[in-house]
Structure formats: structure tokens, C-alpha cells
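Engineer: Sequence and predicted structure are below.
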Amino acid sequence: MQDSTASSGLVAGGMWVHSLLRYPVKSMLGEAVAAIFVDEHGAEGDRRLALLDADTGHVASAKNARLWRGLLKCTATADAGRVSIGLPDGTIVAADDPGIDAELSRLLGRPVRLIAQRPEGATLVRPDPEKLLELGLDAEVGGRILQIAQTTPGDAFTDEAPLHAITTATLEHIGVEALRYRPNVVIATPADFPPYAENDWVGRDFAIGTARLRVLTATSRCVVPTLEHGKLPRAPQALRTPATENRWDTGGHGAQPCAGAYLAVVAAGVIRIGDRVTIG
């Protein structure tokens, strides 16, 4: 565990918002934005839609790579609240198109419905990510059924918290692109900033732009960052490196590979690229 006093000293030396991302449809590729409004519901326009597996009733998530990794071949963007979905063949379809469910069902090989309201007690399947790397993405691997968005009011389909942040120090150390970890906020850090320092921020408040955030826990990693993302190839080190270097028990399930941090919004506001990031 990094020393939190040292970390806060580096914060004073200059951290700032490197990039901002949102993912209008859960487990699809998202979009970079210049500014974003955040409140207790998370980032505006983030994970507001999801696919529901008509056979099982679970929310579709690429965490269950055997069934849903094809979602990462699709891109979702939002304009004035209207979501468009880019399919692998280049076709763009409006999320409210009457044929969208049939189109996505054909693409994924399973009957799905695109939904905008989170069902009560919504769940997803999370196979053991390290077993998936060991045995292959199509292996029948045991794991957990997770109830999602328990700390996020409203209808968003976030996993365990309204927002997710990660530092450039952690990303550069692991050697992967930010979008693999699906953060909302990428925080630029000084050259000598240690990787995984996000661990030390748990329980602390951040001021970013006009918003105030509180770090809830380190982010345990699933298999998603290792998967193909659009044209990006697989990247097993996205899980294997933190599995070797940074294991934490974030929720009573034993030590998990972690990178980044989950956050709640204490005071709503707007975050912009270039905003200074300060603790306290």
C-alpha cells in the first residue's frame, strides 16, 4: 500500500483532468467528452441504457465474455439525450429505432431488449476473471451474480459506484489504454507519481471543477479490460499485472486485482478537461 501522506503531497504538486469518458450503453464502447455534469446518479448520459437477456433476465455485461464480448464491437454516443449505436459493419442505428432489439439480437446471437429503466434488483453474471484468462473466454467458468448499481440512485446501469477514476500513472505502469478500464475521469499525474496510489484515496474527498467527489473503494478488475475493444487487440496484462502487483479485498470476496477507484458525488457540478484535482 502506498503512503497516503506522500500521495497527498504529490497532489499538491499538480493533478488535473486528462480526459473524460462516458458509455451511454452498458458494455459498449463509449465516447470522449470535453465536459460532463455529475451528481448522485453519476455522469450525465453515462450507462443510461443496457441490454437485458430475454432468456435469463440478467443485464448483459462483457464481464461474461463468453456471451457478451461482442458488445465491445459496438459504439454508443449521445447527442442532446438521444443515443445512437454504431454497429461493427459501420451502420448507425438510433437507440429508439423500433428494430433495434432485433438488430442487436441478431448481432449477439441471443434475444435481448434495450432498456432505459433499471429493473428492481437488476443483476449480471461475473465469471472469475482470472479463470477466464487461464481457461479461455469460451470456457464455462463459475463466478458471482452481482446486483448492480446498489450505490447509484435512479436508473443508471453502473456496477458498484456512480463514477470511476484512474490515474495516468497507473495506466502507464500497466501499459494499456484508458478506455480498457472504462473510467469516467482519467487523472493526469506528475512524472514521479506512483501507480496504484488510488488505493490511498479511499475515504477522502476530491474537488474537481465545481463538483466534489468521495472515493469509496479501489476498483476490482474483471476480464473486460483484457478483451478486444473495437480494433484494439486483446491485452491480458490489463488484468495480470494488477493481479500480481495490487490485490485488495474491496467487498468481502477476498483479495482482487485492483486498478483505479470508485467514487460517489458529494456535491453536484461540472468537470472539464484541464480542471485541477485537489484533495480536501
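Structural biologist: Received, thanks. Bear in mind that the values here come from a model prediction, so they are computed numbers and not experimental data.

Engineer: Which secondary structure elements does the helix or strand harbouring residue 103 sit against?
Structural biologist: Residue 103 belongs to helix 100-108 when elements are defined using DSSP states H and E. On a contact count with 3 or more CB pairs under 8 Å, 6 or more residues apart in numbering; DSSP states H and E, helix 100-108 meets strand 92-94, strand 112-115. C-beta coordinates here come from the backbone N, C-alpha and C atoms, glycine included.

Engineer: and it, what's its mean pLDDT?
Structural biologist: For helix 100-108, mean pLDDT is 98.

Engineer: And for stretch 20-35?
Structural biologist: Averaging pLDDT residue by residue across stretch 20-35 gives 98.

Engineer: Stretch 272-280 now?
Structural biologist: Summarised as a single mean, pLDDT over stretch 272-280 is 94.

Engineer: The nearest residue to residue 41 once chain neighbours are set aside: neighbour count?
Structural biologist: Leaving out its chain neighbours, the residue that sits closest to residue 41 by CB to CB, 6 or more residues apart in numbering is residue 154, at 4.2 Å. By other CB atoms under 10 Å, the residues close to residue 154 number 14.

Engineer: secondary structure class for residue 154?
Structural biologist: coil (DSSP: H, G, I helix; E, B strand; the rest coil).

Engineer: who's in contact with it?
Structural biologist: 40, 41, 118 (CB atoms under 8 Å, 6 or more residues apart in numbering).

Engineer: try it again with 10 Å
Structural biologist: Listed by CB atoms under 10 Å, 6 or more residues apart in numbering, the contact set of residue 154 reads 39, 40, 41, 42, 48, 117, 118, 162.

Engineer: ok, now residue 142?
Structural biologist: 127, 128, 131.

Engineer: Could you provide those residues in a markdown table, with additional columns for neighbour count?
Structural biologist: Conversion of those to a markdown table gives the following (neighbours: other CB atoms under 10 Å):
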| residue | neighbour count |
| --- | --- |
| 127 | 22 |
| 128 | 15 |
| 131 | 14 |
